[in-house]
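Asks: Quick one, what's the 3D model for this:
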Amino acid sequence: MNLVIIILAAGKGTRMGLTDKPKVMAELSGKPLIAHVIDAVVPLQPTIILPVIGFKKELVEEFLGQQYPSIKAVYQTEQLGTGHAVMQTANRIGEMDGYALILTGDTPLIATTTLSELLSNAFGLSPRPHAITVSTFLDEPKGYGRILRSSNGDFIGIVEEKDATETERKIQEINTGMFLVQIQPLFEALSNISNANVQGEYYLTDIIAYLHSKGFLVSAMPALNSLEFMGINTLEELQAAEKVYASIQEGIS
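Replies: Here you go, the predicted structure:
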């Protein structure tokens, strides 16, 4: 069974004060954020690793060529949202069977063991879900998409904060940005989502509501360690991640 890794890495680093390089090229412990993510997924032995790059893409490509020559990126020339970014991989993997594991290139603390456990748990489910998102709980969920559940607790969708109601913003179960989706349902869903939202973007998160509405099985799997899914958007978050990374390395040594 094919396992495809898609790494979303097209964004700017505006909130980090970066004007000359993309966010995923900011460094954590002397290594670009995207390199931490790649190093975490390589041991999974995927069929293919596809970074989706955009802003200052030549810098990412140069780095990949030097450090990971077998990895060839996909371009997102317009920043039209995370769903649009994943859609750019269709020419490379759209005809495959199997699963796509979708991660963001700004989550450098993710561990191979966590990813391996996610895959083992997902593939061990019966019936096996068509799509899984990894969720976690935060006391202060500001900035994150919220997990939507029905009155009986079934996972039915994700709402981005800017589109959420006041009631939805009080939900503390959030989307980490990691998805495991069967490839064919993934591209069916991406072909049917719209950009009718506050940001005018095609959200990857919208695939869940579509798949649920069509009778596909979707699941939200809680993460055990929310720190691993810490996204880096600001210098303050990068500094916080440095401290966590250092403590992890001390534990390993």
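Asks: for the stretch 151-253 of the chain, what spans make up the strands?
Replies: 155-159, 173-182, 218-222 (DSSP state E, counting those that start in this stretch).
Asks: can you redo the ones you listed as a markdown table with mean neighbour count?
Replies: All C-beta atoms are positioned from the backbone trio N, CA, C, and that covers glycine. Output for the strands of the stretch 151-253 of the chain, formatted as a markdown table (neighbours: other CB atoms under 10 Å):
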| stretch | mean neighbour count |
| --- | --- |
| strand 155-159 | 21 |
| strand 173-182 | 23 |
| strand 218-222 | 19 |
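Asks: Give me the contacts around whichever strand or helix holds residue 101.
Replies: Taking DSSP states H and E as the criterion, residue 101 maps to strand 99-104. The list of residues contacting strand 99-104 from outside it, by CB atoms under 8 Å, 6 or more residues apart in numbering, reads 1-9, 37, 41, 44, 46, 86, 89, 93, 110, 115, 119, 177-183, 186, 204, 231.
Asks: Tell me, how many residues neighbour residue 79?
Replies: 14 (other CB atoms under 10 Å).
Asks: For stretch 74-88, what does the pLDDT average out to?
Replies: The predicted model assigns stretch 74-88 a mean pLDDT of 96.
Asks: what's the spacing between that stretch and its chain's center?
Replies: Here stretch 74-88 is found 13 Å from its chain centre; the criterion is CA atoms, centre = their mean, to the nearest Å.
Asks: same check, this time on stretch 205-220
Replies: The mean C-alpha position of stretch 205-220 is separated from the chain mean by 16 Å, CA atoms, centre = their mean.
Asks: before we move on, the earlier item: and the contacts of strand 99-104, which are buried?
Replies: 3-9, 37, 41, 46, 86, 89, 93, 110, 115, 119, 177-183, 186, 204, 231 (16 or more other CB atoms under 10 Å).
Asks: hey, which helix is longest across the chain?
Replies: Identified as the longest helix of the chain according to DSSP state H is helix 235-252.
Asks: sorry, back to before: right, and the strands of the stretch 151-253 of the chain - which one's nearest residue 69?
Replies: For residue 69, the closest of the strands of the stretch 151-253 of the chain is strand 173-182, at 26.1 Å, according to CB to CB.
Asks: what angle do that closest one and strand 155-159 make?
Replies: With axes from the mean of the first three to the mean of the last three CA atoms, to 10 degrees as the basis, strand 173-182 and strand 155-159 are set at 110 degrees to each other.
Asks: Report the central residue of this structure.
Replies: Centroid-nearest residue in the chain, with CA atoms, centre = their mean: residue 103, separated by 2.9 Å.
Asks: Need the CA coordinates for the longest helix of the chain. CSV is fine.
Replies: Extracted C-alpha coordinates of helix 235-252, given in CSV (Å, rounded to 0.1, in the frame of the first residue of the first chain):
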residue,chain,number,x,y,z
LEU,A,235,9.6,34.5,16.9
GLU,A,236,8.2,33.9,20.3
GLU,A,237,6.9,30.5,19.3
LEU,A,238,10.2,29.7,17.7
GLN,A,239,12.0,30.5,21.0
ALA,A,240,9.5,28.4,22.9
ALA,A,241,10.1,25.5,20.5
GLU,A,242,13.8,25.8,21.0
LYS,A,243,13.3,25.3,24.7
VAL,A,244,11.1,22.2,24.2
TYR,A,245,13.6,20.8,21.6
ALA,A,246,16.5,21.3,23.9
SER,A,247,14.7,19.5,26.7
ILE,A,248,13.8,16.6,24.4
GLN,A,249,17.5,16.3,23.3
GLU,A,250,18.6,16.3,26.9
GLY,A,251,16.1,13.5,27.6
ILE,A,252,17.5,11.5,24.7
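Asks: Perfect, I'm done here.
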